[in-house]
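[1] Mind folding the following:
(one chain, ligands or ions: 2)
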Amino acid sequence: MPIPTQAPRTLYDKIWDDHVVDVNDDGLALLYIDRHLVHEVTSPQAFEGLRNAGRPVRRPDCTLATVDHNIPTVSRKNFTSVESFIDEPESRAQCAALEDNVKEFGLTYFGMTDKRQGIVHIIGPEQGFTLPGITCVCGDSHTSTHGAFGSLAFGIGTSEVEHVLATQTLLQKKAKNMRITVEGDLHEGVTSKDVILHIIGVIGTAGGTGSVIEYAGSVFRGFSMEARMSVCNMSIEAGARAGMVAPDEITFNYLRHRPLAPKGEAWDRAETYWRSLKTDDGAKFDIEVNISASDIIPTLTWGTSPQDTVPITGAVPDPSTMTDPVKRASAERSLAYMGLTPNTPMEEIKVDKVFIGSCTNSRIEDLRSAARIVVAAGADAKVAADVHAMVVPGSGLIKKQAEAEGLDVIFKRAGFDWREAGCSMCLGMNPDQLAPGQRCASTSNRNFEGRQGSGGRTHLMSPAMAAAAAMTGKLTDVRKFMGATAEANIAAAPKLKVISAFDFLDDPVLPAPEPQQPPASTASSTPLPPTEAPSTVQKFTIFKGIAAPLHIENVDTDMIIPKQFLKTLKRTGLADALFFTLRKDPHTGKETDFVLNRKPYDQAKIMVCTGKNFGCGSSREHAPWSLNDFGIRCVIAPSFADIFKNNAMQNGMLPVAIPQEDCRALAEDAEAGLELEVDLEKQEVRRPNGKAPISFTVDPFRKHCLLNGLDDIALTMQRSAAIATFEQRRSENWSWLDGFGFKGARIPVPAVKTTKKMDW
Ligand SMILES: CC(C)[C@H](C(=O)O)[C@@H](O)C(=O)O
Ligand code: SF4
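    Ligands and ions are numbered 1, 2, ... in the order given. Modelled structure (predicted):
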């Protein structure tokens, strides 16, 4: 008999296949999760759920926690405790809750006195916690960063965080395969950030919806791991579930000798496996995008969506030239918010603040490239008068490395503010925020309204461009800091040494906190504990009520609920926070005429949005929680962002995706104040005016769970035998994934000295 040959597979297909524990009849898979990162914002409710149900964390050895979003980035010289260091009560409570939770559940935690603390997406790769071929999740949308290692890494909501903590698995539907190929040579001054901003400008913030992107082509192959991470990081801004780059020598060289990477014979076996992780010739992609490297020039954003990109040589767009009315209205709104006049050359726009940091661009190479611009500006060059420029390293170790290389001296001499590691002004959940009306040149990833502070205006760009803006006080083409004068200034400046990251990785580690309750054994044959915990999910059957019309595209979750409301430890009490910035005038605090403030829509139970890509951006489950609290349990839109859709259904809510013209028709009913009726069993939306009902599709498993108010965790617990069998196979085939052994011991790291000269 001929041996059946396997069809060629993509990198994503291979990782997916290696992690399927079990598949439902409708194709929904139970996927094993190798690595789970936890931070203080999206975990409190998950731990509370575990506690209420009496469930332990199944794999503490595969879980790593840190604080990053809420913490101030001022000096920690006088730090004694979270209680005394963090002034803002809610931020303090969230960090304190994580400290209590890691103790109670026995998890490894990098707290504020630990040099390894930093932004989750920086510390995972830095420690070698992130590895090729793994599945990696975090209650954070920028988990896509870790895909740079050739892993399947994606953001999840808080209910899913709880699911992973309890079962080490997730219920997932396979995404589409999408490949973005960038071939050719990049122009001088064009960095990985320009490449990803350009890509998002081309495909849009919904371009990757429902897909996992593989980045291919000579440009990504030539990128360092840091540059690949910046690209994969912003896959979520392109709407994708995840982004990935196949692992290669660059990946292996980055990982070899990292504290948590496999060692010795385990490394050799791992490397052999990792080398098989590439897309087979002839594998099929559902979507292919080809971009020529030579089309990309230094790029930044002008508006309030990451897709609002423009080359630095360009001008502010003119909405009057846009034919699509929804697009025109959204551009007009963006320009009003950004305080910009159409056709203004980008280089004429003045800035008040510069922020170099965030999980996109706070790695050592980012800091080096920003410092290079400062040096190129000349020995006496200073940050422009009236500009406050801050540099926030992504982790304590990057900060130490940068200081050892002398980068801090360059920044400080020029007048930059050199800070401690954290998310900082990327989203302003901590004291680093823009004041209303302030304009910021930022290396972060989101330019949504209010993102960096209420009324603040954000332009996204590369670290080099941000440094250039700091020096001139306005948006600036970084290439002005290149050429003969710049080279002469660099040559005249003191030489800096490149220090290896490995010089900082072998510090003694702190012991993992003692568990106060026994964690689930990591032995592969241990069955999951039985569950009698009652489901708290509300049933969704027939739902009728007033529908609120909304005519906005790309409604992001920052818009649905701004950052200041993410500091809660509860899932409820968020009704007033819903669409807060649209409902409350930021100057007077009074109610605006936003639809949810008007009668009868203040009683809305359904929302009909005519714009595509509802719920994009952050993974905050607070978005569906706030809709639910307001009374809205069903959102109808032409399309939804993946994480939002999952989060909504975890909370007994129904996202209904139907064609845009049907949304427009229902919005007309809504505008007439008519009630709509959504029938999940029949899969139709009934209209009160005698018009034909509009039908919709829904995943059979999700439908079953919603109709019966079933809780995913309880259902997964029933599949404990399949999970145990998978864990046994995992231990046999990929033994390096079991546990990471932080036991308070010094982890030896062989000296790996870099011979390279300063790579400006
Ligand atoms: C807090 C968290 C849910 C959020 C995310 O998911 O991205 C945050 O990191 C952000 O960048 O908005
Ligand atoms: S995007 Fe910003 S807020 Fe979110 S994890 Fe990254 S640095 Fe933190």
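[2] And the pLDDT at A379?
    Looking at A379, its pLDDT stands at 95.
[3] mind listing what it touches?
    Taking Cβ atoms under 8 Å, 6 or more residues apart in numbering, we find A379 in contact with 489, 492-493. All C-beta spots, glycine's among them, are computed from the backbone N, C-alpha and C.
[4] Among the residues you listed, which one lies nearest to R419?
    A493 (23.3 Å; Cβ to Cβ).
[5] How about the contacts made by the residue in the stretch 551-700 of the chain that ligand 2 sits nearest to?
    Residue nearest to ligand 2 within the stretch 551-700 of the chain (Cβ to the nearest ligand atom): S618, separated by 7.1 Å. By Cβ under 8 Å, 6+ apart, the residues touching S618 are 140-141, 446, 556-558.
[6] Pipe the contacts of A379 into a markdown table and attach secondary structure, pLDDT and distance to ligand 1 per row.
    Listed next are the contacts of A379 as a markdown table, based on DSSP: H, G, I helix; E, B strand; the rest coil; pLDDT from 0 to 100; distance: Cβ to the nearest ligand atom, whole Å:
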| residue | secondary structure | pLDDT | distance to ligand 1 |
| --- | --- | --- | --- |
| N489 | helix | 97 | 36 |
| A492 | helix | 95 | 40 |
| A493 | coil | 94 | 35 |
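[7] which of these lies closest to P132?
    Closest to P132, out of all of the contacts of A379 and judged by Cβ to Cβ, is A493, at 38.1 Å.
[8] quick one: the closest one and A377 touch, right?
    No - using Cβ atoms under 8 Å, A493 is not in contact with A377, being 10.3 Å away.
[9] Neighbour count: the two, which is higher?
    Comparing A493 with A377 by neighbour count (other Cβ atoms under 10 Å), the higher total belongs to A377, at 22 against 17.
[10] contacting residues around the more buried one?
    Residues counted as contacts of A377 (Cβ under 8 Å, 6+ apart) are 414, 471, 481, 486, 489.
[11] Among those residues, name the ones in helices.
    With DSSP state H as the criterion, helices contain 414, 471, 486, 489 from among those.
[12] Among these, which pair sits farthest apart?
    A414 and A486, at 14.6 Å, using Cβ to Cβ across those.
[13] show me what contacts the residue nearest to N646 when sequence neighbours are not counted?
    Excluding the flanking residues, the one nearest N646 by Cβ to Cβ, 6 or more residues apart in numbering is G157, at 6.4 Å. Contact analysis of G157 by Cβ under 8 Å, 6+ apart lists 42, 139, 619-621, 624, 643, 646-647, 650.
[14] before we move on, the earlier item: considering only the contacts of A377, which also neighbour ligand 2?
    Near ligand 2, taking Cβ under 6 Å from any ligand atom as the test, no member of the contacts of A377 is found.
[15] Switch those residues over to a markdown table; also include neighbour count.
    Shown next, in a markdown table, are the contacts of A377 (neighbours: other Cβ atoms under 10 Å):
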| residue | neighbour count |
| --- | --- |
| A414 | 22 |
| M471 | 24 |
| F481 | 26 |
| A486 | 19 |
| N489 | 17 |
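[16] Alright, I will stop here.
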